[in-house]
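**Q** pasting the structure only:
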């Protein structure tokens, strides 16, 4: 007898003819409704395997995300009259008793202790990571390694006390203990520079970036003296820009090889960082030899990353820029950078710099990374947002120490419900 229930799925009922498919999927022959298209096999595999391999690490990172200071916490901190009040208010947040063992509190102490806390959490994530996440987290630390190497090179070449410089190195960019201890032993001689090249520029994870830079700067590095000449003749800032260019490109292509949402989300974040570097390099080159007509399209252009929203049409225009007016015209074709450049032009009125505008955009992109799931962008976003939060704490502390309460609210909070981009 025919069943009167339209949605009956009783086996043997004449109203609903069922067919068992390969993966246990039942299909209605009566309704004839087509199944939704199945995602590609590699996408399905990535989604299925992500939680198996990286689910715990992602859960930990999202747990750390809940520890960011809230708008209420920032309000209480800005009302403090002394750093002891700051210490007391932070004790009620996720920072807990991170200053408990400090006899006296200062902005430098807050910076050091907050950085140690962030590094400890990041290293805990690294301890749980498997490939390819482990390699991704290594890439996050390469930026700090480049900063540390540049700091050590300055100390070695200028003859400063390298031991003091090591104390200033960022904890996320530290090398092996044997490498760090060997750096102060370098001599200011060709042999010393040969040892420097072999120890620092080759055996460290960022060694390939230095090798490529040296090869591009001097086609034939046949002796240690030539390595020294390259390092002495090229300004340290130019070296750093060159290394960061190579790093961003390498990191970007690695994220693309991971695929999925990681490639999309991290691709946009790294492209935005590349554009920021290109604009800042152009802006800071005014009044320097890099802005001479013979060097704009050669030395300065080589510092622009070959990725980004500006690349290649925008960077071609930046290569010909000679002053701020031309720079504004070059970025005017890109709405986001047109607004950021407007902030720079109105800096004397609004008291906001171009760096503040870039920070706000970066925070927005990093916060949005947490809205997605099953991708590696949240780990990069967590580190960068924590850095921004630490900068906020140091800024508030400095304003309290210097009694500049009128300036105390000029920071960029993270995950703020009153952020301009959320309001708009």
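**A** Received it, and whenever you're ready, just let me know what you need. Just so we're clear, the structure is a prediction, and the values are computed from it rather than from any experiment.
**Q** can you tell me the helix or strand for the nearest residue to residue 336 once chain neighbours are set aside?
**A** The spatially closest residue to residue 336, leaving aside those adjacent along the chain, is residue 361, at 7.0 Å (CB to CB, 6 or more residues apart in numbering). Heads up, the C-betas are built off the backbone N, CA and C, glycines and all. Secondary structure from DSSP states H and E places residue 361 in helix 354-369.
**Q** Tell me the buried residues in that helix?
**A** Of the residues in helix 354-369, those buried under the neighbour-count criterion (16 or more other CB atoms under 10 Å) are 354, 356-363, 365-367, 369.
**Q** which residues touch it?
**A** Identification of contacts with helix 354-369 by CB atoms under 8 Å, 6 or more residues apart in numbering yields 265, 268-269, 272-273, 276, 279-280, 283, 336, 339-341, 343-344, 347, 375, 377-378, 380-381, 384-385, 388, 410, 412, 414-415, 419-421.
**Q** Show the pLDDT at the residue nearest to residue 336.
**A** The predicted local confidence for residue 361 comes out at a pLDDT of 93.
**Q** Could you report the distance from it to residue 337?
**A** Here the distance between residue 361 and residue 337 works out to 9 Å (CB to CB, to the nearest Å).
**Q** Which elements pack onto the strand or helix carrying residue 214?
**A** Secondary-structure assignment from DSSP H and E places residue 214 in helix 207-217. For helix 207-217, the contact count by 3 or more CB pairs under 8 Å, 6 or more residues apart in numbering; DSSP states H and E identifies helix 133-158, helix 224-233, helix 236-258 as packing neighbours.
**Q** With respect to residue 209, which of these lies nearest?
**A** With CB to CB as the criterion, residue 209 lies closest to helix 236-258 of the helices and strands packed on helix 207-217, at 4.5 Å.
**Q** how about that closest one: buried residues?
**A** Counting neighbours by 16+ other CB under 10 Å, one finds that the buried residues in helix 236-258 are 238-252, 254-255, 258.
**Q** on that earlier part again, and residue 330, which of the helices and strands packed on helix 207-217 is closest to it?
**A** Once the helices and strands packed on helix 207-217 are compared by CB to CB, helix 236-258 is nearest, at 18.6 Å.
**Q** which residues does residue 375 contact?
**A** By CB under 8 Å, 6+ apart, the contact list for residue 375 reads 260, 261, 262, 264, 265, 266, 369.
**Q** what would those residues look like in CSV with pLDDT and distance to residue 165?
**A** Putting the contacts of residue 375 into CSV (pLDDT from 0 to 100; distance: CB to CB, whole Å) gives the following:
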residue, pLDDT, distance to residue 165
260, 88, 40
261, 91, 39
262, 93, 35
264, 94, 39
265, 95, 35
266, 96, 31
369, 94, 33
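**Q** Including secondary structure, could those residues go into TSV?
**A** Shown next, in TSV, are the contacts of residue 375 (DSSP: H, G, I helix; E, B strand; the rest coil):
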residue	secondary structure
260	helix
261	helix
262	helix
264	helix
265	helix
266	helix
369	helix
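**Q** closest to residue 111 among those residues?
**A** residue 369 (24.8 Å).
**Q** Report the buried members of the contacts of residue 375.
**A** Among the contacts of residue 375, those that count as buried by neighbour count (16+ other CB under 10 Å) are 260, 261, 262, 265, 266, 369.
**Q** what's the closest non-adjacent residue to the fifth one?
**A** Distances taken as CB to CB, 6+ apart place residue 255 nearest to residue 266, at 4.1 Å, with adjacent residues excluded.
**Q** Now do the one you found against residue 271, distance only.
**A** Residue 255 sits at a distance of 11 Å from residue 271 (criterion: CB to CB).
**Q** Kindly report the same for residue 296.
**A** Distance from residue 296 to residue 271, counting by CB to CB: 23 Å.
**Q** do residue 96 as well
**A** Distance from residue 96 to residue 271, by CB to CB: 37 Å.
**Q** Kindly report the same for residue 150.
**A** As for residue 150, its distance to residue 271 is 24 Å (criterion: CB to CB).
**Q** sorry, back to before: can you put the contacts of residue 375 in TSV and add distance to residue 305?
**A** As requested, these are arranged in TSV below (distance: CB to CB, whole Å):
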residue	distance to residue 305
260	23
261	22
262	19
264	18
265	18
266	14
369	20
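**Q** Wasn't residue 371 part of a strand?
**A** No: the assignment for residue 371 by three-state DSSP gives coil, which leaves it out of any strand.
**Q** what's the neighbour count on residue 334?
**A** Neighbourhood size, residue 334 [other CB atoms under 10 Å]: 17.
**Q** now do residue 112
**A** Taking other CB under 10 Å as the neighbour definition, residue 112 ends up with a count of 15.
**Q** Look up which helix or strand it falls in, please.
**A** Residue 112 belongs to helix 107-128 when elements are defined using DSSP H and E.
**Q** That helix: which residues count as buried?
**A** Neighbour-count burial for helix 107-128, with 16+ other CB under 10 Å as criterion, is recorded at 107, 109-110, 113-115, 117-119, 121-122, 125-126, 128.
**Q** Just the residues contacting it, thanks.
**A** Looking at helix 107-128 with CB under 8 Å, 6+ apart, the contacting residues turn out to be 56-57, 60-61, 64, 83, 86, 95, 98-99, 102, 134, 137, 140, 170-172, 379, 382-383, 386-387, 389-390, 393-394, 397-398, 401.
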